[in-house]
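> Structure here, sequence nowhere to be found:
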């Protein structure tokens, strides 16, 4: 398989998945000298295989035509797929261009959830939230006292987040950081964050700190599954630097989501773009099976203690 696009959208999980299907994957990154790159990278490898799957990005039309001519000249069998279709069909995520001006034709519009989706999601949200609250009530009580002992101050942490249709709401969590955590301004949390007290670290690893968001579900701010709600200071930056970022606000955000279980911990624009690929796939291709799959994968993450 030959991919004529930036290789940033292929993660380790993607490569492992593709190597089960293809013998070799050739990534053609951006270059100002395509002729040299093709002659020294692609041509020698074409002799090894009889069939070639060319994944093209129309932005690099010249490069695509040169590869196609090389393949045909060698009487090889070639299959051509755009990177937009390839990502959704094989990698189960939506291709987000690196360039803010590049257009993904599969994203001319992203539908909001209609009744067919909203009703089953609402049933799942309410049912699981009630069961989860009753089953975890001892953890609420335990967390109340442990937080008070290790970090005097409020037990709950209220933070303004961006919800559906860009409306702001207060996300409720168990406080896992000291009271002076943001004295130097807003910042993404990170692994081994010095602002987090010991029990706070345990809560974040096991996702116990997320439990109070059940209240947000009852308030209709959140859904159980959906794009993770971000802070306004970050979404404003992402809207300016990541194509189609605002599409994720077409639906309610969630306590957990497709991006949360498919993409490892990360922060910043690079990781936000990768997560958006999964979020938009979830919105575009919602099914009850996908919803239940995310719930199951979330349980695997929690019990595997793969915290953020």
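Perfect, I can see it now. Not measured: the values here are computed from a predicted model.
> the domain parsing of this structure - what is it?
Taking automatic domain parsing as the criterion, the chain consists of the domains 2-91, 115-303.
> Confidence-wise, which of the ones you listed is weakest overall?
Averaging pLDDT over each of the domains of the chain singles out domain 2-91 as the lowest, with a mean of 77.
> Present the domains of the chain as JSON lines; the columns should include mean neighbour count and distance to residue 102.
From N, CA and C alone the C-beta is placed, and that goes for glycine too. As requested, those are exported to JSON lines (neighbours: other CB atoms under 10 Å; distance: least, CB to CB, whole Å):
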{"stretch": "domain 2-91", "mean neighbour count": "15", "distance to residue 102": "6"}
{"stretch": "domain 115-303", "mean neighbour count": "17", "distance to residue 102": "7"}
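> Which stretches in the stretch 51-200 of the chain count as strands?
Ranges of strands within the stretch 51-200 of the chain are 51-56, 77-82, 156-162, 168-174, based on DSSP state E, counting those that start in this stretch.
> Just the residues contacting the second one, thanks.
Around strand 77-82, the neighbours that count as contacts under CB atoms under 8 Å, 6 or more residues apart in numbering are 50-58, 68, 71-72, 89.
> ditto for the last one
Outside strand 168-174, the residues within contact range by CB under 8 Å, 6+ apart are 143, 147, 155-163, 203, 208-213, 215-216, 219, 221-222, 229, 232.
> and the closest residue to residue 258 other than its chain neighbours, backbone torsions?
In this structure, residue 258 finds its nearest non-sequential neighbour in residue 282, 4.0 Å apart by CB to CB, 6 or more residues apart in numbering. Phi and psi for residue 282, reported as degrees, to the nearest 10, are phi -60, psi -40.
> Residue 47 and residue 70, how far apart?
Separation of residue 47 from residue 70 (CB to CB, to the nearest Å): 11 Å.
> and residue 71, what does it touch?
Counting by CB under 8 Å, 6+ apart, residue 71 touches 46, 52, 54, 78.
> ok, which stretches of the stretch 201-308 of the chain are helices?
If DSSP state H, counting those that start in this stretch is used as the criterion, the helices of the stretch 201-308 of the chain fall at 213-218, 232-241, 258-262, 269-284, 288-303.
> can I get these in CSV with distance to residue 82?
Listed next are these as CSV, based on distance: least, CB to CB, whole Å:
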stretch, distance to residue 82
helix 213-218, 38
helix 232-241, 24
helix 258-262, 22
helix 269-284, 15
helix 288-303, 23
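> Can you name the residues that contact the residue nearest the centre of the chain?
What sits nearest the mean C-alpha location of the chain, by CA atoms, centre = their mean, is residue 275, with 2.1 Å. With CB under 8 Å, 6+ apart as the criterion, the residues that contact residue 275 are 227-228, 259-260, 263, 266.
> let's see 7 Å
Listed by CB atoms under 7 Å, 6 or more residues apart in numbering, the contact set of residue 275 reads 259, 263.
> circling back to that earlier point, the residue nearest to residue 258 and residue 249, how far apart?
Noted for residue 282: a distance of 13 Å to residue 249, by CB to CB.
> rewinding a little: tell me which residues touch the residue nearest to residue 258, please.
For residue 282, the residues meeting the contact criterion (CB under 7 Å, 6+ apart) are 257-258, 290.
> how about a cut-off of 10 Å?
Contacts here follow CB atoms under 10 Å, 6 or more residues apart in numbering; on that basis residue 282 touches 92-94, 225-227, 248, 251, 254, 257-259, 262, 290-291, 294.
> Check residue 259 too.
Taking CB under 10 Å, 6+ apart as the contact definition, residue 259 lies against 93, 226-228, 248, 266, 271-272, 274-282, 294.
> List just the nearest of the contacts of residue 282 to residue 3.
The nearest member of these to residue 3, counting by CB to CB, is residue 93 at 14.5 Å.
> Read off the pLDDT value for the closest one.
Residue 93 is assigned a pLDDT of 93 by the prediction.
> can you pull the contacts of it?
When contacts are counted by CB under 10 Å, 6+ apart, residue 93 is found next to 9, 11, 14, 87, 258-259, 262-263, 274-282, 285.
> 8 Å instead, please
Residue 93 is in contact with 9, 87, 262, 277-278, 280-281, counting by CB under 8 Å, 6+ apart.
> Residue 110: which of the residues you listed is nearest?
Set against residue 110, the nearest of those by CB to CB is residue 280 (6.2 Å).
> any idea how far the residue nearest to the closest one when sequence neighbours are not counted lies from residue 234?
Spatially, and ignoring its direct neighbours in sequence, residue 280 is nearest to residue 94 (4.1 Å; CB to CB, 6+ apart). Residue 94 is 20 Å from residue 234, where distance means CB to CB.
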